[in-house]
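# no sequence on this one, just coordinates:
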């Protein structure tokens, strides 16, 4: 019955996506839903940006192993990203009427910078997509006993087809429905397990106080690690196409800004449910907390809950993962087609051809991510790694390009190259400092230095 319910859910979701795909007439419809989403669809789409495998599987696993301190990156860093984007970026970028984030770099710094920025924008999504596919593989492994890699391949086929037909319109409509299922499913499971464990206070009395440690010890190394944890998603996802495309799909600049704040509050609130559920599992079934902690929740639900709870739980999991995966596949496909392939045609490509190329790119990125998902299985690591490259290469050019008039293309290119090179050096030699911190600092210094040096050189040349 559970398997039939999952199959039925997947079919219904695909049908909803197919229905929404009828609104896709242009590449703009496919990538940004025609910039027409009302606040409910826009907020639910932003909420679903990261609420996937890393929140339900990854974060709950890390929380069981290391407490609240170990999940600063997600959900807290993810919520921070939405707040910062709403405060400082949403309105300014929306009013520029851009199709992709790569278009911003073209308008602000020129075509050469657009090309380089796009190379840094697209690849990080491969790891993120892979993380979601691993999670779906784990679900199918728990429910019907498939090997994880087999589940990955089946999941990749379903989600890729769903993304291919509908683009951002299908993602937005299904995100709204899936967000409701996520909230209801996790809330029902939390209430049932909490009552079974004797109530909220009973669960909390057995939790060691160190589990809720939120601040670092006051030594320099730990403070740097703490800042790095906040920065991975909190700053690293600001210059990302998936956040950009969801915000820019809003019907107005005001809706775009408000949706960021609503989604941040909703994300942080709902993300607490998997953490509480994991505490209930540890309280009720301590033997299940051993082994692969990524499988604790699905295994517990299968072994100790009635069928309707299983249907709700796995329905909410599939909702979370499918909504996250579909936009993660669309994001690099949009960048690749709009900012890498389209410039090669010198603007002569027809829009219907661009739409088909974007769909082909969807297939390509999904295939690469599927291979990665078959080779690696740690969800939390895959998600973290996918955001670091954007952080060190693109954050400085984005922020200073918007808020510093003297920023120029030479500074942006120097920032991208030196930030990435610094990350590679620190990662290669295993320095005690988190590699992303010096790499980000170098990116900002290179942006400022390169921009000022270029202006000085220009002044000297004129004289």
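Arrived safely. Predicted model only: the values in this text are computed from it and were never measured. Numbers count the residues shown, from 1 in each chain.
# pretty sure residue 339 is touching residue 115, no?
Yes - under the contact definition of CB atoms under 8 Å, residue 339 touches residue 115, with a separation of 7.2 Å. Every C-beta, even on glycine, is put in place using the N, C-alpha and C of the backbone.
# which one of the two has more residues nearby?
Neighbours per residue, other CB atoms under 10 Å: of residue 339 and residue 115, the larger number sits with residue 339, 25 against 16.
# who touches the more buried one in this structure?
Remark: with contacts taken as CB atoms under 8 Å, 6 or more residues apart in numbering, residue 339 is in contact with 100, 102-103, 106, 114-115, 117-118, 121.
# go with 10 Å
The neighbourhood of residue 339, defined by CB atoms under 10 Å, 6 or more residues apart in numbering, consists of 99-103, 105-106, 111, 114-115, 117-119, 121-122, 241.
# nearest spatial neighbour of residue 273, skipping sequence neighbours?
Setting aside the residues directly before and after it, residue 273 is nearest to residue 186 in space (CB to CB, 6 or more residues apart in numbering), at 4.1 Å.
# so which helix or strand takes in that neighbour?
helix 148-196 (DSSP states H and E).
# out of everything not next to it in sequence, what's closest to residue 196?
Going by CB to CB, 6+ apart, residue 196 has residue 284 as its nearest residue, at 6.3 Å.
# wait, doesn't that neighbour sit right on residue 198?
Yes - between residue 284 and residue 198 a contact is recorded at 9.5 Å, counting by CB atoms under 10 Å.
# Phi and psi next, for residue 349.
phi -70, psi 140 (degrees, to the nearest 10).
# Need the pLDDT of it.
Residue 349 is assigned a pLDDT of 84 by the prediction.
# Let me see the contact set for it.
27, 337, 341-343, 357.
# how does it look with 8 Å?
Shown in contact with residue 349 (CB under 8 Å, 6+ apart): 341-342, 357.
# For the host helix or strand of residue 368, buried residues please.
Using DSSP H and E, residue 368 sits in helix 351-375. Of all the residues in helix 351-375, those buried under the rule 16 or more other CB atoms under 10 Å are 354-355, 357-359, 361-362, 365-366, 369-370, 372-374.
# which residue packs closest to residue 394, ignoring adjacent ones?
For residue 394, ignoring the flanking residues on the chain, the nearest one in space by CB to CB, 6+ apart is residue 239 at 3.7 Å.
# if we can go back for a sec, distance between the helix or strand just after the helix holding residue 186 and the chain's centre?
The element immediately downstream of helix 148-196 (helix or strand, assigned by DSSP H and E) is helix 200-205. From the chain centre to the centre of helix 200-205 is a distance of 32 Å (CA atoms, centre = their mean, to the nearest Å).
# Buried residues, helix 200-205. List them.
Residues of helix 200-205 classed as buried under the neighbour-count rule (16+ other CB under 10 Å) are residue 203.
# helices or strands up against that helix?
Using 3 or more CB pairs under 8 Å, 6 or more residues apart in numbering; DSSP states H and E as the contact definition, the elements that helix 200-205 packs against are helix 272-284.
# and the angle for the helix it packs on with helix 148-196?
Per axes from the mean of the first three to the mean of the last three CA atoms, to 10 degrees, the angle that helix 272-284 makes with helix 148-196 is 80 degrees.
# Identify all contacting residues around the helix holding residue 368.
With contacts defined as CB under 8 Å, 6+ apart, helix 351-375 is touched by 24, 26-27, 30-31, 122, 125-127, 129-131, 133-134, 137, 149, 152-153, 156, 159-160, 163-164, 167, 329-330, 332-334, 336-338, 341-342, 349, 382.
# Can you flag which of those belong to helices?
In this view, those that belong to helices under DSSP state H are 27, 30-31, 125-127, 129-131, 133-134, 137, 149, 152-153, 156, 159-160, 163-164, 167, 329-330, 332-334, 382.
# Got phi/psi on residue 38?
phi -70, psi 170.
# and the residue nearest to it when sequence neighbours are not counted, what does it touch?
Nearest in space to residue 38, with sequence neighbours left out and distances taken as CB to CB, 6+ apart, is residue 251 at 5.9 Å. In this structure, residue 251 makes contact with 35-39, 42, judged by CB under 8 Å, 6+ apart.
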